[in-house]
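1. just coords:
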């Protein structure tokens, strides 16, 4: 049996919590981090709706998977809600990540704002291009992609981001998995074949554009 | 009423075709383009399942929104299915796109493989950084972001890709919309406020990582 595909991700198991709920939790978390930075102490589900576009009932339902949140008439304590969602998503402790592919996309990811606030630590970058190996990429020295397994013995990353060309992506995925990686964020325009225990999420710019393009035709061609 | 959010996208209307179906259509299309390049003439839904991980029944159901496809016992003609899906997604004719934000991510997008095969033409790139304006980015001369409206009078792009920092994204979105843009692919980690008629899809690397992180905890921590 091929892995079940949910939205644009291939998750080989069936977690009880729907993927869209997890995606929205990540949106709430980002919003809450911003609020905390602005010293906002409490919010209502109506505030959430106004700020995120996710309706209040959906917000409450998403939280309901994980127990009791908020106080009637008072709302949600921003700091507490933020830590609870971070714990749920298990981004309450720093997680090392390896990036394979040190091109423009790799650079963009390494410099992406908010990674550290979300406890993601890009710990190493790899490439197979001998012209890139040894060079600096956002403070990391680009390492030889054939050393992933060896390097990860020290890093213990279980998350890999793959941003190599499609032709190289499967081999890179195999190496990352052999090196102990459990989940992959794949930017290469190819469907990776991975063992059932490995989770893959695909980010496809073409897919995103195609969905928007469809929308353009049905709604906005006036 | 705030716009309805579907998955990671804000589509302000309710198209009859579910968003995940559209996302899968884009996956089928990419797969079919590859097959055609390899001179494969016909495929079965089982082939689709084996190659994409999307099960055969789902594939048939996705196509069923758009009429009759394939011949019993023969399968699907690759070239015909490809053109029909391209027509459905309205990527059967070249569509101009503007990119705002000429950093690493903008560069990665402009150089992204497969854009032209999918009839997406990145026609102009903009930035507000005077050090970047006038420089070359993947064959395009970076233009001043304050000229979007004027430039788009010639380009007629209705798709904009926003890859500027969060602090600049809302202003850029406003300008793009004023310039005639109808749909936005937003990479800035901020929830854009847009009129109801405008569709936005958000690509959030943090969200993707957070969903994977959750999966890591439930399934792979052994």
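-> Thanks, I have the structure now. This structure is a prediction, so every number in the text was calculated from the model and none was measured.

2. now residue A:77. Nearest residue, chain neighbours left out?
-> residue A:42 (5.7 Å; Cβ to Cβ, 6 or more residues apart in numbering or on different chains). Just so you know, the C-beta spots here come from the backbone N, C-alpha and C atoms, and that holds for glycine as well.

3. the one you found reaches residue A:78, doesn't it?
-> Yes - applying Cβ atoms under 8 Å as the test, residue A:42 and residue A:78 come out as touching, 6.4 Å apart.

4. would you mark the buried spots in the host helix or strand of residue A:48?
-> Counting by DSSP states H and E, the secondary-structure element that holds residue A:48 is helix A:45-52. Along helix A:45-52, these residues count as buried under the neighbour rule (16 or more other Cβ atoms under 10 Å in any protein chain shown): A:45, A:47, A:48, A:49, A:51, A:52.

5. touching it from outside, list them.
-> Here helix A:45-52 makes contact (Cβ atoms under 8 Å, 6 or more residues apart in numbering or on different chains) with A:27-28, A:31, A:54-57, A:59-60, A:70, A:75-76, B:2, B:5, B:191.

6. switch the buried residues of helix A:45-52 over to JSON lines; also include pLDDT and distance to residue B:92.
-> Written out in JSON lines, the entries for the buried residues of helix A:45-52 read as follows (pLDDT from 0 to 100; distance: Cβ to Cβ, whole Å):
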{"residue": "A:45", "pLDDT": "91", "distance to residue B:92": "43"}
{"residue": "A:47", "pLDDT": "89", "distance to residue B:92": "43"}
{"residue": "A:48", "pLDDT": "89", "distance to residue B:92": "40"}
{"residue": "A:49", "pLDDT": "88", "distance to residue B:92": "38"}
{"residue": "A:51", "pLDDT": "81", "distance to residue B:92": "38"}
{"residue": "A:52", "pLDDT": "81", "distance to residue B:92": "35"}
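
7. and those residues as JSON lines, adding distance to residue A:156?
-> Supplementary listing: the buried residues of helix A:45-52 in JSON lines, determined by distance: Cβ to Cβ, whole Å:
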{"residue": "A:45", "distance to residue A:156": "38"}
{"residue": "A:47", "distance to residue A:156": "39"}
{"residue": "A:48", "distance to residue A:156": "35"}
{"residue": "A:49", "distance to residue A:156": "40"}
{"residue": "A:51", "distance to residue A:156": "37"}
{"residue": "A:52", "distance to residue A:156": "34"}
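
8. so how far is residue A:106 from residue A:130?
-> Relative to residue A:106, residue A:130 is positioned 16 Å away (criterion: Cβ to Cβ, to the nearest Å).

9. domain ranges for chain A, per the record?
-> Domain assignment for chain A, taken from automatic domain parsing, gives A:4-88, A:95-207.

10. can I get the ones you listed in CSV with distance to residue B:123?
-> Shown next, in CSV, are the domains of chain A (distance: least, Cβ to Cβ, whole Å):
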stretch, distance to residue B:123
domain A:4-88, 26
domain A:95-207, 16
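
11. any idea which of these is most buried?
-> Per-stretch averages of neighbours, counted by mean count of other Cβ atoms under 10 Å in any protein chain shown, single out domain A:95-207 among those, with a mean of 19.

12. near chain B, anything from that one?
-> Yes - in terms of Cβ under 8 Å from any Cβ of the partner chain, part of domain A:95-207 sits within range of chain B, namely A:95, A:97, A:103-105, A:107-109, A:111-115, A:118, A:120, A:158-159, A:163, A:165-166, A:182-185, A:189, A:191, A:197-199, A:201, A:203-207.

13. mind checking which of the residues you listed land in strands?
-> When these are checked against strands using DSSP state E, the ones located there are A:95, A:97, A:120, A:159, A:183, A:184, A:185, A:199, A:201.

14. now tabulate the residues you listed in a markdown table and tack on distance to residue A:145.
-> Output for those, formatted as a markdown table (distance: Cβ to Cβ, whole Å):
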| residue | distance to residue A:145 |
| --- | --- |
| A:95 | 21 |
| A:97 | 15 |
| A:120 | 21 |
| A:159 | 17 |
| A:183 | 19 |
| A:184 | 15 |
| A:185 | 17 |
| A:199 | 22 |
| A:201 | 21 |
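
15. residue A:88: which of those is nearest?
-> Top of the list for closeness to residue A:88, among these and by Cβ to Cβ, is residue A:95 at 14.4 Å.

16. now the helices for chain A?
-> Read by DSSP state H, chain A holds these helices, from start to end of the chain: A:19-37, A:45-52, A:56-64, A:78-88, A:104-110, A:148-155, A:166-178, A:205-215.

17. same question for the fifth one, mean pLDDT?
-> Right, helix A:104-110. When the per-residue pLDDT values of helix A:104-110 are averaged, the result is 92.

18. okay, and the beta partners of the residue nearest in space to the middle of chain A?
-> For chain A, the residue whose C-alpha lies nearest the mean C-alpha position (Cα atoms, centre = their mean) is residue A:185; its distance is 6.9 Å. According to DSSP bridges, the partner residues bridging residue A:185 are residue A:161, residue A:201.

19. wait, doesn't it sit right on residue A:159?
-> Yes - in terms of Cβ under 8 Å, residue A:185 counts as a neighbour of residue A:159; the distance is 7.2 Å.

20. quick one: common contacting residues for the two?
-> Between them, residue A:185 and residue A:159 share the neighbouring residues B:209, B:212, with contact defined by Cβ under 8 Å, 6+ apart.

21. tell me who's in contact with residue A:105.
-> The neighbours of residue A:105, taking Cβ under 8 Å, 6+ apart as the test, are A:163, A:187, B:104, B:105, B:108.

22. the second one reaches residue A:162, doesn't it?
-> Looking back up the chat, that one is residue A:187. Yes - with contacts counted by Cβ under 8 Å, residue A:187 reaches residue A:162, the gap being 6.4 Å.

23. where does pLDDT dip in chain A?
-> Low-confidence segments of chain A, defined by pLDDT under 70, are located at A:1-15, A:217-222.
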